[in-house]
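Peer 1: what follows is a protein structure lacking sequence information:
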């Protein structure tokens with residue numbers, strides 16, 4: 001009865017819209033969803049969505065790396081369908097694959113086909129260059145290459161601009177804000193607009209505006225108090241993770257200072273959001289706010305990076321506001337994914353009276369994700385499983401030596417790593433090496449949260465209990481609202497790595513993912529897990545890919 005009342009209350013605002021909705025998508029880079037990041041990194045944004053929108057507490061990306069995640073955000077599809085497998089052109093990040101699969105199926109192109117003016121501002125893909133304006137965008141400010149704050153090139157509607165290191169003229173987050181606000185306030189046409197703001201923030205080098213560079217100087221990442229912090233050599237972890245050397249004093253200092261710089265850099269986005277609100281009509285604008293992936297801060301000796309299936313890198317902030325969403329709500333019932341953004345913006349357009357010129361079947365890629373709008377209702381249409389997939393970069397092998405023998409690149413960090421204050425103040429000549437990736441860091445995983453999981457392959461038998469269900473007193477990702485789940489709840493991560501290694505974690509009992517329970521699972525459960533993952537790996541379209549718990 002209580003759920004029915006809540007659903008009625010939440011849906012009471014869903015009155016027929018009298019005019020097409022404008023749409024604003026704000027995408028951050030490498031930003032985690034820890035509570036302290038919300039409260040210190042973007043307090044204005046957090047407070048706005050806490051009072052005016054819905055905050056999804058179980059939000060994830062399906063691939064924890066920049067370019068494949070952006071391919072999923074733009075197209076609403078899994079990596080195995082848009083086929084951007086890593087951050088290189090050869091494996092689909094920009095180039096022929098992007099031009100034929102991602103761009104013509106992007107949310108920008110779909111909305112443009114529906115009569116929207118569309119604008120894209122900032123980082124597009126890690127390898128965008130040249131003077132082309134990709135299909136689907138009416139107004140364009142595209143960054144060449146990966147995230148930068150100074151000393152970069154952007155393409156503005158077909159014309160390349162080189163920028164230097166002057167804050168007032170060149171700081172990219174401010175350039176994005178200026179160009180996008182100009183677009184959103186253009187009243188020369190009655191057409192609705194969709195603005196996609198893709199900030200470099202808070203990707204390394206974490207360059208903050210000068211007025212923010214003295215903030216948070218005593219702050220440390222919460223991870224330093226986690227049991228996983230600097231825990232290396234764990235035999236229950238796959239090779240790439242367990243082979244990390246312990247953090248040196250210099251590396252630990254870099255980790256903490258990077259955390260502070262990220263908080264500082266986020267202030268421009270947070271203040272810019274307030275500026276945006278003053279220039280748009282919030283009552284006629286749907287706003288979505290998220291990040292392309294999460295981030296590590298020393299867990300298992302891994303610093304300031306992503307590329308793993310664990311909670312810190314796959315969980316992201318995901319907030320939504322607008323007439324079609326409830327106000328002042330936090331949602332724990334549904335898992336929201338990056339592949340849901342594109343179908344959501346199209347759904348917003350349709351529900352606000354905009355007609356589709358082309359049928360979905362006329363696009364070469366169909367959505368794997370689903371609209372967030374029905375998932376914002378309590379206990380209804382809750383997704384219970386999704387796929388996490390990643391292709392490691394480098395050669396194979398399990399060398400325990402430095403990066404070259406593992407076929408990976410070494411990122412050397414020294415006192416020149418950051419060119420703005422506060423700098424990394426270590427002695428000249430002192431440096432450390434961080435191995436970026438490895439081929440056998442390729443994995444496919446099922447992340448599952450629901451009230452039940454079934455033993456038989458069709459999903460119509462007894463619930464699996466014992467090792468899969470337990471309750472934890474604390475989760476590092478527990479944020480606002482919601483009650484602790486009971487013993488009829490399942491919350492797990494199951495992964496298969498290219499090397500043949502398997503990992504399984506019960507996240508209620510083990511929120512920090514310290515104990516790989518795969519070796520002790522019964523054979524029948526292992527077979528079910530393998531079969532379920534196999535189906536997700538091959539899924540096409542929302543009917544196959546979005547496993548819902550409608551009970």
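Peer 2: In hand now; what should we look at? Values in this document were obtained by computation on a predicted structure and should not be read as measured data.
Peer 1: test my guess that residue 163 contacts residue 169.
Peer 2: Yes - with contact defined as Cβ atoms under 8 Å, residue 163 counts as touching residue 169 (7.2 Å). Where you see a C-beta, it was placed from the backbone N, CA and C, and this is true even at glycine.
Peer 1: higher neighbour count, those two?
Peer 2: residue 163 (18 against 10; other Cβ atoms under 10 Å).
Peer 1: give me the spatial nearest neighbour of that one, chain neighbours excluded.
Peer 2: Spatial nearest neighbour of residue 163, excluding adjacent residues (Cβ to Cβ, 6 or more residues apart in numbering): residue 170 at 4.1 Å.
Peer 1: ok, now residue 319?
Peer 2: In space, residue 319 is closest to residue 49, 3.8 Å off (Cβ to Cβ, 6+ apart).
Peer 1: wait, is residue 207 part of a helix?
Peer 2: No - assigned with DSSP: H, G, I helix; E, B strand; the rest coil, residue 207 falls outside any helix and is coil.
Peer 1: ok, it touching residue 265?
Peer 2: Yes - if you go by Cβ under 8 Å, residue 207 and residue 265 touch, sitting 6.2 Å apart.
Peer 1: between the two, which contacts overlap?
Peer 2: Applying Cβ atoms under 8 Å, 6 or more residues apart in numbering, one finds that residue 207 and residue 265 are jointly contacted by residue 149.
Peer 1: what about stretch 292-309, distance to the chain center?
Peer 2: Distance of stretch 292-309 from its chain centroid, counting by Cα atoms, centre = their mean, to the nearest Å, is 13 Å.
Peer 1: ignore what I typed, I meant stretch 108-125.
Peer 2: 19 Å.
Peer 1: end-to-end on it?
Peer 2: 14 Å (Cα to Cα, to the nearest Å).
Peer 1: and what of stretch 76-95?
Peer 2: 19 Å.
Peer 1: so how far is residue 114 from residue 353?
Peer 2: 11 Å (Cβ to Cβ, to the nearest Å).
Peer 1: compare the two (neighbour count), which wins?
Peer 2: Neighbours per residue (other Cβ under 10 Å) separate residue 353 from residue 114, with residue 114 holding more: 20 against 13.
Peer 1: give the contact list for the closest residue to that one other than its chain neighbours.
Peer 2: Closest residue to residue 114 apart from its sequence neighbours, by Cβ to Cβ, 6+ apart: residue 354 at 5.1 Å. If you count contacts by Cβ under 8 Å, 6+ apart, residue 354 has them with 20, 114-116, 192.
Peer 1: what's the helix or strand for residue 354?
Peer 2: According to DSSP states H and E, residue 354 maps onto no helix or strand at all.
Peer 1: now swap in the one 4 residues further on and tell me
Peer 2: Mapping residue 358 onto the secondary structure by DSSP H and E places it in no helix or strand at all.
Peer 1: so it is in contact with residue 113, correct?
Peer 2: Yes - with contact defined as Cβ under 8 Å, residue 358 counts as touching residue 113 (5.4 Å).
Peer 1: which of these two has more neighbours?
Peer 2: residue 113 (16 against 11).
Peer 1: was I right about that one contacting residue 355?
Peer 2: No - contact criterion Cβ under 8 Å: residue 113 and residue 355 do not qualify, at 10.5 Å.
Peer 1: A strand includes residue 50, no?
Peer 2: No - counting by three-state DSSP, residue 50 is located in no strand; its state is helix.
Peer 1: buried set for the longest helix seen in the chain?
Peer 2: Using DSSP state H to define each element, the chain has its longest helix at helix 249-277. Of all the residues in helix 249-277, those buried under the rule 16 or more other Cβ atoms under 10 Å are 250-252, 254-273, 276-277.
Peer 1: now swap in stretch 236-251 and tell me
Peer 2: Judged by neighbour count (16+ other Cβ under 10 Å), stretch 236-251 contains these buried residues: 236-244, 247, 250-251.
Peer 1: does the closest residue to residue 156 other than its chain neighbours belong to a helix or a strand, and which?
Peer 2: Nearest non-adjacent residue to residue 156, counting by Cβ to Cβ, 6+ apart: residue 141, 5.3 Å away. Taking DSSP H and E as the criterion, residue 141 maps to strand 139-143.
Peer 1: off-centre distance for that strand?
Peer 2: With Cα atoms, centre = their mean, you get 21 Å for strand 139-143.
Peer 1: do the same with stretch 58-74
Peer 2: 5 Å.
Peer 1: regarding that stretch, how distant is the last residue from the first?
Peer 2: 20 Å.
Peer 1: state the mean pLDDT of that stretch.
Peer 2: Averaging pLDDT along stretch 58-74 yields 97.
Peer 1: ok, now stretch 171-180?
Peer 2: Rounded mean pLDDT across stretch 171-180 is 98.
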